Structure formats: C-alpha cells, structure tokens
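1. Whatever this is, show me its structure:
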Amino acid sequence: MVNLNRRRFLQMSALAGVGYLGGMRGTRCEDTIASTTKKPLNVLFIAIDDLRPQLGCYGLPEMKTPALDALAGQGVVFDRAYCQQAICSASRSSLLTGCRPDTTGVYDLETHFRSNIPEVVTLPQCFKQQGYYTQSLGKIYHPGYDDPPSWSEAAWWPDRTLGLTADPEAAKAEADKSGKKKNKQRGPSWEVSALEDSILPDGQTADKAISALQTLKYKEKPFFLAVGFLKPHLPFVAPQKYYDLYPPDSVRRSDSPNVPTDVPEVALTRFGELRNYADIPKEGPITEEKARELVRGYYAATSYMDAQVGRVLAELDRLGLRENTVIVAWGDHGWHLGDNGQWCKHTNFERATRSALIMSAPGGKAKNAHSLALVEFVDIYPTLCELCGLTPPDTLEGTSFAPLLDNPEALVKTAAFSQYPRSHNVMGYSMRTDRYRFTEWLDKDRKRIAKELYDHQEDPDENHNLAGRETMGEIVEALSVKMQAGWRGAVIGK
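-> Have a look, this model is predicted:
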C-alpha cells in the first residue's frame, strides 16, 4: 500500500505507470462540448450514498425511480461503472481528487486526503480556480472531512438527527439489552417515518438545492453545484408512501444468497455496519424475514431519494437551466443485499464495486442510451473538465469518457480497478475486464496470499471462484500480468 508524500505527489506527472496504480496525466480532447456552446456550462453534481444500480433505468422495472430514469432518458446510463474502493470516504476522496486510494492514502473513514497529498487540486477546486462558483449541499465529502478549498462558501449539511427513529429512547433501550457498545447504539435498521418528505434530511437537502439554484441562476459566474443525498444509506427510513410502492409479498431475497464456492476467507466481511443496528443479530446469519425487510427498506429509501432528486431537476427545468447544465448522478459504491452471502459494502465483489452512474450533457448526441464501456469513478474528474473546456491538473489518474456521451459503444479502457484492505497488512486489488473479475490479496511484502477469478460470461453473480482450478491457470497468470501493468496499461490508445 503506497502512501505518497507531498514531494512525490508534486512529481506524479513525470512518473510512468508501474505496478497497480501508476500515475498518468488526465486526458483532454481538442473539441469539447463546451467549445460548441455560447457560454460556460454549469455542473449539477448529484452524489448518492450507497446506491447500487438498483434503478428502473438499469433494467429493473420493479424499482420506482422515475426521476433518475427520466435523467437517463436524456443522457447515458453507464452499465459498468466502478468505484475505486467500496467505502464512502475512500471512494469519494478518490473521485473528488482524481487519484486512486494508494495515492490519496485514504482507505478508511478517519483519514483526510490532504494529510497525504496536501497540494492536490480537487474537482470542485479545479472548477473554482477556473472561474466557477462552487457550492456543497449535503454529503459530498464524508462527514467531518470536508475540504474548504473546494468551495466558494462553507459547505451546508441537513439536520441528520431527524427521522433516524420514531422512538429513539426505545431503540436505545433495545440496544442496551442486546449488549451493543454505547458508542455504537443505533435504532432499527429500517423504519416507516411519520415525517413529511421535506422534513427528513434528504428533503432538507432538496429544499436547499432548489433555493441555491434560484440564487445561482443570477450569479455572473457559472456554477458547480454539488448535492449529496444520504439515502439509501442505513437506516432505511422513508415515509409510508414509498414503502407502499413495494408490498411485502412482492419483495424477494437475492438470487445468489450464498458465499461463492472456494472463496478465500479474506474476501468476506461480517457486515459489521449492519450489525450495529438494534434489530440485527451480532452474530450469525440474517433471517429470511429480516432479509426481506431490509431489501424492502432499501427499495423504499431509494424511491424516497429519487423523489428528492426529481424535485431538484424540476427546479432546474423551471429556471431554464437544463439546456446549459451538465448533470452527473452517481452512487459512491454498490451495496450487497444478501448477494454473495454479504450485506453492506466493504468487499471487492461486483455488487460492492459497481455502482450507478448517469450523465447528461448539453450537446451530447446520445440520448436514452446505455454504455457497456468500462469506466471508473476516478474518470469523472477529467470527463467533467473536458465537457466544460477546463484544463485539468497533471496529477489525475483517470481517463475522460466524454466521447461516450456521443458514441456509447466506444471503448476507453480494457479494465477497471478497485481495492479493499482487510487489515493494515493485507490489501485486495481487484480488476474487472470485459469478461472476468480477478482479485489478488497481497500481504505487506506484496506476496500473493489469495486469489479470486469470476467468469462474468458464465457466472455474472460471482457464485464460483475459479482461481484454483488447473484449467484456469493460464488465464489467472495472464490477468495477474495485466493487473501488474496497472490502470495505465488498460487505457486504450495510450
């Protein structure tokens, strides 16, 4: 695990891509969408917590997500978009700095990226430096780790104490009885809230975003407005009308509820995040009844969030700003709903690393389109710079996928890379190619202690680890070589 110091970071543009995460300058094309417009483009940057591709526009008609589905109809849905690490702060730090976790040094919820790369220019900071008014509403950076240089005014947060549970004292008593630690006491994992949409935290954020758009319309500068929604993050709290969208009898458990065959223990998690809630057992499996409740709660929270996104997009339209605004909506990582015998994130499996990504840009030729191109969240930074005609810093470790907004069938890279630590001494590096997911678990001496191989052509749910089979030996070694070449080696035409 690499932790770059300040001097090395400033020299990154001169480094060749080596190992898993070699550095490379972000790409930029001569002809940008911004160059064809009469005035600078705005950016509406919508971040959504724990959102796997559980949306109608991803081919799931049971999901009621009309706002994001409508956005998809005006742009491109990226069917294979991957975060760099399936945990909130590490993923967001990577996306917002344009650097991978081994560069930011952020693998947890306790490290600020500026402690390792203090001179980094973040995505919103890049826009700010080049004439934009930048504003943060809700969860953009992880709570407690905001970045003032990124914003033109202080970041705003909703009151997150509202709607956590209808009866917090009862939840606390239940947590005490179950023996949970006092600093981990939480209420139920899901709840039907009696509060109105706008009173809950995401409703507050939507209200604030609507107000901000009304003000930003009249500023002399173009804007980069970042709006971060908390749901469907635990606990799954939403008003009754969103739960009513998913009758209990209609909700099914995952079709792949068992851990993969021959999977190494290091690949799995005990989903401790979920076990912090009062209604979840501290040990052992989740019951069939509870699993269905959790799935239903996740769906309801997703639909509640979608309704708040819809309110913001409706105001953008009402103000006449849509035609000059790039919109990107993304979930910071995926989420296990019992898939692979797992819950929450914190793994290198497809369900944790793949997330939702939708983008709409003025002038983009593709509408209501899907792209199967492999893209990474670290690519969003250079993509937005290209779309808006900005000059990106030399330190970016992603590749613009702006061409996909005109031609979704184009290819940008041959692999996407994610990683997850299991301790201070073990790091799992995972690579998704067109057909395979290959993962290597390395110890502190960079020695491989475990490996995984899943064939997505034959086994899209990753039910069978093939890495130990003799017949797969050549494929394993070829993928290991590709992994060693790093993300730079996966960029097409570089």
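2. where exactly do the helices run in the stretch 301-450 of the chain?
-> For the stretch 301-450 of the chain, the helices defined by DSSP state H, counting those that start in this stretch cover 350-353, 380-388.
3. what sits against the spatially closest residue to Asn42 that is not a sequence neighbour?
-> Nearest residue to Asn42, sequence neighbours excluded (CB to CB, 6 or more residues apart in numbering): Thr325, at 4.2 Å. C-betas here are computed from N, CA, C, even on glycine. Applying CB atoms under 8 Å, 6 or more residues apart in numbering to Thr325 gives the contacts Leu41, Asn42, Val43, Leu44, Leu316, Pro362.
4. Just put those in JSON lines and tack on neighbour count.
-> Formatted as JSON lines, the entries for these read as follows, by neighbours: other CB atoms under 10 Å:
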{"residue": "Leu41", "neighbour count": "24"}
{"residue": "Asn42", "neighbour count": "25"}
{"residue": "Val43", "neighbour count": "23"}
{"residue": "Leu44", "neighbour count": "24"}
{"residue": "Leu316", "neighbour count": "21"}
{"residue": "Pro362", "neighbour count": "17"}
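5. roughly how far apart are the spatially most central residue of the chain and Arg292?
-> The chain has Asp332 as the residue nearest its centroid, 1.7 Å off, counting by CA atoms, centre = their mean. Distance of Asp332 to Arg292, given as CB to CB, to the nearest Å: 25 Å.
6. do Ile475 as well
-> 38 Å.
7. And for Asp69?
-> Taking CB to CB, one finds Asp69 at 25 Å from Arg292.
8. just the strands in the stretch 251-400 of the chain please.
-> For the stretch 251-400 of the chain, applying DSSP state E, counting those that start in this stretch gives strands covering 325-331, 336-337, 343-344, 354-355, 357-360, 369-371, 375-376.
9. how about those strands, which one is nearest Ala238?
-> Ala238 sits nearest to strand 336-337 of all the strands of the stretch 251-400 of the chain, at 15.9 Å, using CB to CB.
10. any weak-confidence spans in the stretch 101-250 of the chain?
-> For the stretch 101-250 of the chain, the stretches with pLDDT under 70 are 163-185.
11. What segments of it are helices?
-> 101-104, 123-129, 168-177, 201-216, 240-243.
12. Return the set of buried residues in the longest one.
-> Yep, that's helix 201-216 we're talking about. Across helix 201-216, burial judged by 16 or more other CB atoms under 10 Å covers 201-210, 212-213, 216.
13. partner residues bridging His336?
-> Cys344 (DSSP bridges).
14. Please report the number of neighbouring residues for it.
-> 22 (other CB atoms under 10 Å).
15. Kindly report the same for His370.
-> For His370, the neighbour count with other CB under 10 Å is 17.
16. Also the one 4 residues further on?
-> For Leu374, the tally of surrounding residues (other CB under 10 Å) stands at 24.
17. Who are the contact partners of it?
-> Contacts of Leu374 (CB under 8 Å, 6+ apart): Arg80, Tyr82, Leu411, Val412, Lys413, Thr414, Ala415, Ala416, Arg432, Thr433, Asp434.
18. pretty sure the last one contacts Thr414?
-> Yes - under the criterion of CB atoms under 8 Å, Asp434 lies in contact with Thr414, with a separation of 7.2 Å.
19. quick one: which two of the contacts of Thr325 are the most distant?
-> Once CB to CB is applied, the contacts of Thr325 give Leu41 and Leu316 as the farthest pair, at 13.0 Å.
20. follow-up on the earlier one: what's the closest of the helices of the stretch 101-250 of the chain to Ala467?
-> Comparing these by CB to CB, helix 101-104 comes nearest, at 22.6 Å.
21. and the closest one, what does it pack onto?
-> On a contact count with 3 or more CB pairs under 8 Å, 6 or more residues apart in numbering; DSSP states H and E, helix 101-104 meets helix 88-97.
22. Return the set of buried residues in the helix it packs on.
-> Result for helix 88-97 [16+ other CB under 10 Å]: buried residues Cys88, Ser89, Ala90, Ser91, Arg92, Ser93, Ser94, Leu95, Leu96, Thr97.
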